[in-house]
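[1] got a predicted structure plus its sequence, pasted below:
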Amino acid sequence: MTGMSSELLSITPMIPTGGKLADALKFFTEQMGFSVVWQSPNGAGIRRGSVGFNLVENANREWAENASYSIGVSDLDALYQEYQAIPAKVGPLEVKPWGRREFHMILPSGVCLQFYREK
């Protein structure tokens, strides 16, 4: 489309907490290595490296269980090792039929995160 002068620069997905905001913040900061950027009574912005999410306090399991995000990382093996010990469902690190090496993790909220090596 011509005439558009504004470039889209980033995206910050909204993730349902699956319960209380405090519990989700504790999980993301203590287990997954994220930092809190901002916080309000019903939401918070979190970040690890260049990846940020907005957590939204919402216990709707249908929303959470149908939310998934694909995240490129610099060292997939190190992240896989790091996340093996956290209280989440961490799947195998494997090459998928589409040729990309990755692993999936289901958070306690039901949200799925997919991690892959970004070149």
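    Now that the structure is in, tell me what you want to look at. Numbers count the residues shown, from 1 in each chain.

[2] could you pull out the buried residues of the helix or strand of the chain with the lowest mean pLDDT?
    Ranked by mean pLDDT, DSSP states H and E, the helix or strand of the chain with the weakest confidence is helix 61-65, at a mean of 91. Burial within helix 61-65, assessed by neighbour count using 16 or more other CB atoms under 10 Å, is assigned to 63, 64. No exception for glycine: its C-beta is placed from N, CA and C like everyone else's.

[3] for residue 46, grab phi and psi.
    phi -130, psi 160 (degrees, to the nearest 10).

[4] surely residue 33 meets residue 79?
    No - applying CB atoms under 8 Å, one finds residue 33 not in contact with residue 79, separated by 9.2 Å.

[5] looking at these two, which is more packed in?
    residue 79 (19 against 14; other CB atoms under 10 Å).

[6] the residue nearest to the more buried one when sequence neighbours are not counted pairs with what?
    Leaving aside its sequence neighbours, residue 79 sits nearest to residue 73 (CB to CB, 6 or more residues apart in numbering; 5.2 Å). Under DSSP bridges, the beta-bridge partners of residue 73 are residue 117.

[7] immediately after the longest helix anywhere in the chain, which helix or strand?
    If you go by DSSP state H, the chain has its longest helix at helix 76-83. Following helix 76-83 in sequence order, the next helix or strand is strand 89-90 (DSSP states H and E).
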